[in-house]
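Q: The following comprises the amino acid sequence and a computationally predicted model.
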Amino acid sequence: MQRITPDLRQPLFRTQSTRTVEAEAAARLPPHTLMQRAGAATARLARALAPHARQVWLACGAGNNGGDGLEAAALLQAAGLPVAVTCLTDDPSQLPTDARASWQRARNAGVRFVGQPPALGAQDLAVDALLGLGLTAAARPVPPDSRLLACLAALRGSAATVLHVDLPSGLLADTGQYAPGLEPDAPPGRGARHTLALLTLKPGLFTALGRDAAGDIWLDTLGAAPPTAGPDAWLAGRPDTPPRPHASHKGRFGDVAVVGGEALAQRGMGMTGAALLAASAALHAGAGRVLISLLGDAADADPALALQPECMPRHFDALPLDRATLVAGCGGGTAIAGVLPVLLQQAPRLVLDADALNAIAGEARLQRLLAARASQADWATVLTPHPLEAARLLQCSTEAVQADRLAAAQALAERLACTVVLKGSGSVVAAPERVPLVNPTGNARLATAGTGDVLAGLLGARLAALPPATAFDAAAGACWQHGQVADDWPQERACTALALARALTPDAARTV
Ligand SMILES: NC(=O)C1=CN([C@@H]2O[C@H](COP(=O)(O)OP(=O)(O)OC[C@H]3O[C@@H](n4cnc5c(N)ncnc54)[C@H](O)[C@@H]3O)[C@@H](O)[C@H]2O)[C@@H](O)CC1
Ligand SMILES: [K+]
């Protein structure tokens, strides 16, 4: 068993691949072995998480996830713990074969079966073995079982530590969304939350609503081998940032040019701050030189620029488009559309954010110019949409994007032939013909204005530095570092976008 941390890259497997792993392992092991291993791992972690529990309550469903819970209940009871089980079926003949065997073992061990969830205190432990990999999003023929809903509500609101077996019940393994009718209807309780993933890690634990549901994540492969076909996605690990040689000069770390920041005079909505944030991020993340080209009459940006004298203002026509890494769109407003054709056709390394994405979504010609960049050898293009911007580009709803974030990011990457960072909880990095990646770092501190601009600037710096990173690796590294700085943020300090930009370093070191 291992605890999953953001440092180590990990393979992720969807339901179908996990079923293959399960079938192959089951075929070479005596019957019931996998469930016994799953129950033993659950019981071991349960005891470690709540060594002083005065009560251990296990909520067990009518499938094999419930079987894992029943197996754990038998072991915890045998170890002398005060165990109570609520089982969603009163008739063991309704259980699948393995779960039925574990139900019998729990009975034989003397486990107490209770109809209702007991009241638990903060020192107690609840084990959630209601629903696992067998959960489907398909509409159910009957409304959800009231006992299932009561158990889910008790688990979710519990003050006790909750250990989810394989998946938080109700959460879909592939997408990190809840099955219809099983969404939480109240804020979570304050107790600690853990998930013990069995056989494989599933992408839904790390993106969309999965992060909030799962808490700390553990993995026990139950001795099964990973599938030969390889993973469906990767959980990113700490990026490999090469050390900077002593004999360095600013030219080695590349020029980043930020284009954006529509002036107040343009439409009465000043957005120069966004471009300045991206520039500050690029500077602190180690770009050799940072140029900034503000759109329109940028007199309102002068005081801010004076506070960051390292950034050099430039007219758009004076930017070295062929040499610099361009970060375009942060606070770009409508003015960005005017310069996009030139950028798309002349800038070999290009990060497109915010209003640049909205402009592209609204103009077929820009989409064609964007897709045409793929035919240029060694050109790099990264798009950094949030879900609404991705929805505009895909011409679908935000809900459709969020329903399967991995699939949406991949579809966008294939359609526009570039690297895509789909932002949000568990950002997804996708590129044509590559296995997508989910970023493990970051937290709600990043849910504040301007942090997306900081990511774009940081990405520009990573793309500009030598030795050259691929667009995909630069994007993955930037997401990881951006989130890690927020994860290391001191509790007592406000995390504003500018403070975040200034906490960046060239080597992803923890220095906040
Ligand atoms: N077969 C085995 O020996 C092993 C099973 N394992 C466990 O078994 C789990 C998978 O077991 P199953 O395939 O039996 O499936 P689950 O036990 O995860 O789920 C099946 C149950 O979910 C209900 N259900 C499905 N969709 C629903 C919905 N939308 N609303 C309400 N109820 C819904 C079904 O009616 C059924 O009762 C894994 O998550 C894992 O915990 C693993 O421990 C590996 C070994
Ligand atoms: K579960």
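A: Ah, there it is. Ligands and ions are numbered 1, 2, ... in the order given.
Q: Can you pull out the low-pLDDT segments for the stretch 301-450 of the chain?
A: 301-304, 306 (pLDDT under 70).
Q: tell me the SS of whichever residue of it sits closest to ligand 2?
A: Residue nearest to ligand 2 within the stretch 301-450 of the chain: residue 426 (19.2 Å; Cβ to the ion). For glycine as for every other residue, the C-beta is placed from the backbone atoms N, C-alpha and C. On the three-state scheme (DSSP: H, G, I helix; E, B strand; the rest coil), residue 426 is labelled coil.
Q: is it true that it touches residue 438?
A: Yes - Residue 426 is within contact range of residue 438, at 5.1 Å (criterion: Cβ atoms under 8 Å).
Q: Identify the contacts common to these two.
A: Common contact partners of residue 426 and residue 438 (Cβ atoms under 8 Å, 6 or more residues apart in numbering): 206-207.
Q: More neighbours: which of these two?
A: residue 438 (30 against 26; other Cβ atoms under 10 Å).
Q: Give me the nearest residue to that one, chain neighbours excluded.
A: Counting by Cβ to Cβ, 6 or more residues apart in numbering, the nearest residue to residue 438 once its immediate chain neighbours are dropped is residue 206, at 4.7 Å.
Q: Same check on residue 342?
A: Spatial nearest neighbour of residue 342, excluding adjacent residues (Cβ to Cβ, 6+ apart): residue 321 at 7.3 Å.
Q: do residue 161 as well
A: residue 192 (4.5 Å).
Q: Only the C-alpha atoms, please, for the host helix or strand of residue 342, written as PDB.
A: Using DSSP states H and E, residue 342 sits in helix 336-346. C-alpha atoms of helix 336-346 as PDB (Å, rounded to 0.1, in the frame of the first residue of the first chain):
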ATOM      1  CA  ILE A 336      -6.500  41.000 -29.000                       C
ATOM      2  CA  ALA A 337      -8.400  39.800 -32.100                       C
ATOM      3  CA  GLY A 338      -6.600  42.400 -34.100                       C
ATOM      4  CA  VAL A 339      -3.100  41.000 -33.500                       C
ATOM      5  CA  LEU A 340      -4.000  37.300 -33.400                       C
ATOM      6  CA  PRO A 341      -3.500  36.600 -37.100                       C
ATOM      7  CA  VAL A 342       0.000  37.900 -37.000                       C
ATOM      8  CA  LEU A 343       0.800  36.000 -33.800                       C
ATOM      9  CA  LEU A 344      -0.700  32.800 -35.100                       C
ATOM     10  CA  GLN A 345       1.300  33.000 -38.300                       C
ATOM     11  CA  GLN A 346       4.600  34.400 -37.000                       C
END
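Q: Show residues contacting it.
A: 259-260, 262, 295, 316, 321-322, 326, 328-329, 350, 355-356, 359-360, 363, 365-366, 369-370, 372-373.
Q: From the residues you listed, list the buried ones, please.
A: Burial by neighbour count, 16 or more other Cβ atoms under 10 Å: within the contacts of helix 336-346 this picks out 259-260, 262, 295, 321, 326, 328-329, 350, 355-356, 359-360, 366, 369-370, 373.
Q: quick one: the residue nearest to residue 479 when sequence neighbours are not counted and residue 459, what's the gap?
A: Nearest non-adjacent residue to residue 479, counting by Cβ to Cβ, 6+ apart: residue 439, 4.0 Å away. Residue 439 sits at a distance of 12 Å from residue 459 (criterion: Cβ to Cβ, to the nearest Å).
Q: Could you report the neighbour count for residue 467?
A: For residue 467, the neighbour count with other Cβ under 10 Å is 6.
Q: now residue 180
A: Residue 180 has 12 neighbouring residues, counting by other Cβ under 10 Å.
Q: re the thing from before, give the contact list for the residue nearest to residue 479.
A: Counting by Cβ under 8 Å, 6+ apart, residue 439 touches 236, 426-429, 476, 479-480, 483.
Q: Between those, which sits nearest residue 38?
A: Nearest to residue 38, judged by Cβ to Cβ, of those is residue 426 at 25.1 Å.
Q: Can you give me the neighbour number for residue 327?
A: 37.
Q: Can you name every helix or strand that the helix or strand hosting it contacts?
A: Here residue 327 sits within strand 325-328, counting by DSSP H and E. Other helices and strands packing on strand 325-328, by 3 or more Cβ pairs under 8 Å, 6 or more residues apart in numbering; DSSP states H and E, are strand 255-260, helix 336-346, strand 349-352, helix 451-464.
Q: Give the next helix or strand downstream of the last one.
A: Beyond helix 451-464 in the direction of the C-terminus, DSSP H and E gives the next helix or strand as helix 471-487.
Q: Flag every buried residue along that following helix.
A: Judged by neighbour count using 16+ other Cβ under 10 Å, the buried positions of helix 471-487 are 471-486.
Q: For it, C-alpha coordinates in CSV please.
A: Extracted C-alpha coordinates of helix 471-487, given in CSV (Å, rounded to 0.1, in the frame of the first residue of the first chain):
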residue,chain,number,x,y,z
ALA,A,471,4.9,22.3,-25.1
PHE,A,472,3.4,19.3,-23.2
ASP,A,473,6.2,19.1,-20.7
ALA,A,474,6.2,22.9,-20.2
ALA,A,475,2.5,22.9,-19.6
ALA,A,476,2.6,20.0,-17.2
GLY,A,477,5.5,21.6,-15.3
ALA,A,478,3.8,24.9,-15.1
CYS,A,479,0.6,23.5,-13.7
TRP,A,480,2.5,21.4,-11.1
GLN,A,481,4.6,24.4,-10.0
HIS,A,482,1.6,26.8,-9.9
GLY,A,483,-0.3,24.4,-7.7
GLN,A,484,2.6,23.5,-5.5
VAL,A,485,3.2,27.2,-4.6
ALA,A,486,-0.4,27.4,-3.5
ASP,A,487,-0.1,24.1,-1.6
